[in-house]
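>>> Predicted model, plus sequence, below.
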Amino acid sequence: MILWLISVRTIALKKKSEKKKMEHSNSEEEDLQGIDKAYVNRAMIGSLIATVLVSIGIYLLGWFIVWVSSDEPNPVDQSKMWPIIYLSMAIFFVVVNCLVYLVSNLYVNHFSYSISDKFIKIRYGVFTRTKTTIPFSRIQNVAVFQNIRDRILNIYTVKIETAGASIAGSGAQGGTVHPEGYIPAVRNPEHLESLINKLVHQYTQDISGNVKENVFTDNNVAFDEFIAYFLSKMREKNQIRTNVEQLRTQSGMTQEKLAEMAGVAETTIKYLEDGEYVPSLTLALRIAQIFKVSIEQIFQLN
């Protein structure tokens, strides 16, 4: 019995150690980066200006009530009215600014991004955590700008504009409409901008000579070939049955993890499992290698 308990304990410690090593290697591989703490000061500047203006509005409203009631038979007791007005102003000012300070600190602590050779991943959210994975092949433009508060604090905001980004989804950051890739409070944006542009260039401009020979230069021919290819893919998807979801579930793997290992976007795995996407031979071989099975065990004809 004692030997059995010792062996169980040893196995548990070994698994825990392996889990820690895996988490450590993943963190090193992703190389997470955060945003500058100056984001809190930026948020506080806006909050202070807004609360001062609202407090002035509360004061003017109180003054208007006192002035109107002065002509009434029973005017407002100013000795009681003004303390209430001042107290309301103070409570509003303190509570709102404390909340902004707390939320902005949480936002900074939960905001991180990482760059690999194929994706840029952005994690953010205070109450609802969100992770956005942007393939470099979808990035159209990288913009760096400063508003008045950014200039005061010497920070920058990086906007990564993508093709087909959802405005509803992008508006989740900060409560306003932002691009899908939005990184605020960056102290030195030049390195980030040049790195993203370099990786984007590899996917959009850096075409090898062998590939260039097979690219259509006539736009009409290229469009006709694209339509033909698209229609053929639409027909093929009804002829192929896939076991990707079953194999992934048996392996205890998420769609996100499988997408990372296969080097594709998470939506590609989702469409593949739903039977809405026919993979290329390269992707099929890569998935078969991940699950250590043959292609025939993953994809079958209906």
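Structure's in. What do you need?

>>> Am I right that Lys198 sits in a strand?
No. Counting by DSSP: H, G, I helix; E, B strand; the rest coil, Lys198 is not part of a strand but helix.

>>> number of nearby residues for it?
Lys198 has 11 neighbouring residues, counting by other CB atoms under 10 Å. Heads up, the C-betas are built off the backbone N, CA and C, glycines and all.

>>> same question, Ser104
By the criterion of other CB under 10 Å, Ser104 has 22 neighbours.

>>> hang on, it packs against Ala43?
Yes. Shown here, Ser104 and Ala43 form a contact pair, counting by CB atoms under 8 Å, at 3.8 Å.

>>> for the record, mean pLDDT for the helix or strand containing Val54?
Per DSSP states H and E: Val54 is located in helix 38-69. Helix 38-69 comes out with an average pLDDT of 90.

>>> Now do the contacts for Gln246.
Under the criterion of CB atoms under 8 Å, 6 or more residues apart in numbering, Gln246 has no neighbours.

>>> And it, how far from Gly125?
Noted for Gln246: a distance of 32 Å to Gly125, by CB to CB, to the nearest Å.

>>> Which parts of the stretch 101-250 of the chain are helices?
Applying DSSP state H, counting those that start in this stretch to the stretch 101-250 of the chain gives helices spanning 148-153, 167-170, 189-204, 209-213, 219-236, 244-250.

>>> Flag whichever of those has the least confidence on average.
Ranked by mean pLDDT, these end with helix 167-170 at the bottom, a mean of 43.

>>> returning to that earlier point: which other helices and strands does the helix holding Val54 contact?
Other helices and strands packing on helix 38-69, by 3 or more CB pairs under 8 Å, 6 or more residues apart in numbering; DSSP states H and E, are helix 78-110, helix 148-153, strand 181-186.

>>> Please identify the deepest-packed of the ones you listed.
Across these, averaging neighbours per residue (mean count of other CB atoms under 10 Å) puts strand 181-186 on top, at a mean of 23.

>>> tell me the mean pLDDT for it?
Mean pLDDT, computed over strand 181-186, is 88.

>>> what's next to it, contact-wise?
35-39, 42, 108, 111, 113, 120, 122, 132, 134, 139, 144, 155-162, 170, 173-174, 192.

>>> Thr51: which of the helices and strands packed on helix 38-69 is closest?
Proximity to Thr51 (CB to CB) singles out helix 78-110 among the helices and strands packed on helix 38-69, at 4.9 Å.

>>> so that closest one versus strand 181-186, what angle?
Inter-element angle recorded for helix 78-110 and strand 181-186: 110 degrees (by axes from the mean of the first three to the mean of the last three CA atoms, to 10 degrees).

>>> what angle sits between helix 78-110 and helix 38-69?
Angle, helix 78-110 to helix 38-69, by the same axes, to 10 degrees: 160 degrees.

>>> Buried ones only from the contacts of strand 181-186, please, as a PyMOL command.
Applying 16 or more other CB atoms under 10 Å to these, the buried members can be selected in PyMOL as follows:
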select buried, resi 35+36+38+39+42+108+111+113+120+122+132+134+139+155+156+157+158+159+160+161+162+170+173+192
